[in-house]
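**Student:** dropping a prediction and its sequence here:
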Amino acid sequence: MQIYKVGGAVRDRLLGKPVTDIDWVVVGATTEEMLAKGFRPVGADFPVFLHPKSGEEYALARTERKSGRGYGGFTFHASPDVTLEEDLIRRDLTINAIAEDDQHHLTDPYQGQKDLEARLLRHVSPAFAEDPLRVLRVARFAARYADLGFTVAPETLELMRQLSESGELQALTAERSWKEISRALLEDQPQVFIEVLRECGALKVLMPEIDALFGVPQPQAHHPEIDTGVHTLSVLEQAALHKQPLTVRWACLLHDLGKGLTPEEEWPRHIAHEQKGLKLIKAVNERFKAPRDCQELALLVGQYHTHGHRALELKPSTLLELLQSFDVYRRPQRFEEFIAACEMDARGRKGLEQRSYPQADYLRGAANAARSVAVQPLLEKGFKGPELGEAIKRERLKALKAYKETASI
């Protein structure tokens, strides 16, 4: 039995990056031998075990063969006679197909170290094209290592293009897709993920609503970058620069989908794009079964981001409706994330990345003013039921009018 460290742990150590998760491959062993040593089996698909003390994953060396569509359409073969090289060749990228033994000797049959030095994301073998999930994984790695200068090798991009055209991407489950998308959006340069998907044709298959934004102009006075797709990527980039959470990044990606529905004869104006985009945002949310908090914020940002930009001009009654829509009294964090998404939208414009956004503090102040209305005095006056609701609303409106007068001085 021989044990090797493989994959990301070896890759990141060689890149000088922190190593978090460690995967191990075991060559020359049987399931029975692993169980006898106290390893605990995981799942039924292929022989993976948890170490009895560390809890790290140890997988028996295996080969795989395409037997159906999609990510799960593979037959695995694990036995003591499967070699380390045979196990490594089934991996996606050469930089992930390097193994290290306990003496720190590297086994690198597919020139992964050479590609690390050349800053290339290159597939290990033609079998790469058998797994559609790899399109998303490579785009995610491109986003993760963009700051180090990594790019996708042309021949790998071509295989990704073939996969995108084959119909295989439709076989991906929502859960697997979301796992890759959400991880990619949390990288330091998530816009690169979208760029690579677009370059290989996967974006128009997976997210046609976002792909449709490229080439759609906006008024230059508000959007010096003009192109709506370029703007969307810039907003996502700003969200990453400002360390925004996944909910905000997802909302930033989807906020302008309605502009893809504007007839060409109306360009570059996009009247009521906020309302028109809601059905598209809902469709993307449902397609990937995004978590509820991501879905809710994306819809609210899509509908109200223009209100955010015009906050200082809004009438107190409109401001109250906005606050009510976000339920700022019970869900203050969601409104804070809305403000963040609006600010990223304002900054995601060519040459305006450092602009101030006074609307943020104004909206926070408005929320605080509405929240400051005490319910108890109204109860003591005898208000109850629907009448109490109307009385609270009147008091909140009064508080917002006073706030607007004070804040405008």
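**Tutor:** Yep, it's here.
**Student:** which residues of the stretch 301-409 of the chain fall in helices?
**Tutor:** 316-326, 332-347, 359-371, 376-380, 385-408 (DSSP state H, counting those that start in this stretch).
**Student:** quick one: closest of these to Asn285.
**Tutor:** helix 332-347 (15.1 Å; Cβ to Cβ). Where C-beta positions appear, they are placed from N, C-alpha and C, glycine not excepted.
**Student:** residues of the closest one that come out buried?
**Tutor:** For helix 332-347, a neighbour-count test (16 or more other Cβ atoms under 10 Å) marks 334-347 as buried.
**Student:** how about these in a markdown table, adding distance to Leu35 and pLDDT?
**Tutor:** Below are those laid out as a markdown table (distance: Cβ to Cβ, whole Å; pLDDT from 0 to 100):
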| residue | distance to Leu35 | pLDDT |
| --- | --- | --- |
| Arg334 | 48 | 97 |
| Phe335 | 53 | 98 |
| Glu336 | 50 | 98 |
| Glu337 | 47 | 98 |
| Phe338 | 52 | 98 |
| Ile339 | 54 | 98 |
| Ala340 | 50 | 98 |
| Ala341 | 50 | 98 |
| Cys342 | 55 | 98 |
| Glu343 | 55 | 98 |
| Met344 | 51 | 98 |
| Asp345 | 55 | 98 |
| Ala346 | 58 | 97 |
| Arg347 | 56 | 97 |
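**Student:** what is the nearest of those to Ala97?
**Tutor:** Using Cβ to Cβ, the buried residues of helix 332-347 come closest to Ala97 at Met344, 37.2 Å.
**Student:** so who does that closest one touch?
**Tutor:** Shown in contact with Met344 (Cβ atoms under 8 Å, 6 or more residues apart in numbering): 235, 238-239, 242, 244, 248, 252.
**Student:** for these, which one is nearest Ala366?
**Tutor:** Of all these, Ala366 sits closest to Val248, with 19.8 Å by Cβ to Cβ.
**Student:** need the strands for the protein, in chain order.
**Tutor:** Here the chain has its strands, by DSSP state E, at 2-6, 23-27, 40-42, 48-50, 57-60, 62-66, 74-78, 99-100, 106-107, 120-121, 151-152.
**Student:** where among these is average confidence lowest?
**Tutor:** Among the strands of the chain, strand 74-78 carries the lowest mean pLDDT, a mean of 71.
**Student:** tell me the one among the buried residues of helix 332-347 nearest to Leu400.
**Tutor:** When the buried residues of helix 332-347 are compared against Leu400 (criterion: Cβ to Cβ), the nearest one is Phe335, at 14.3 Å.
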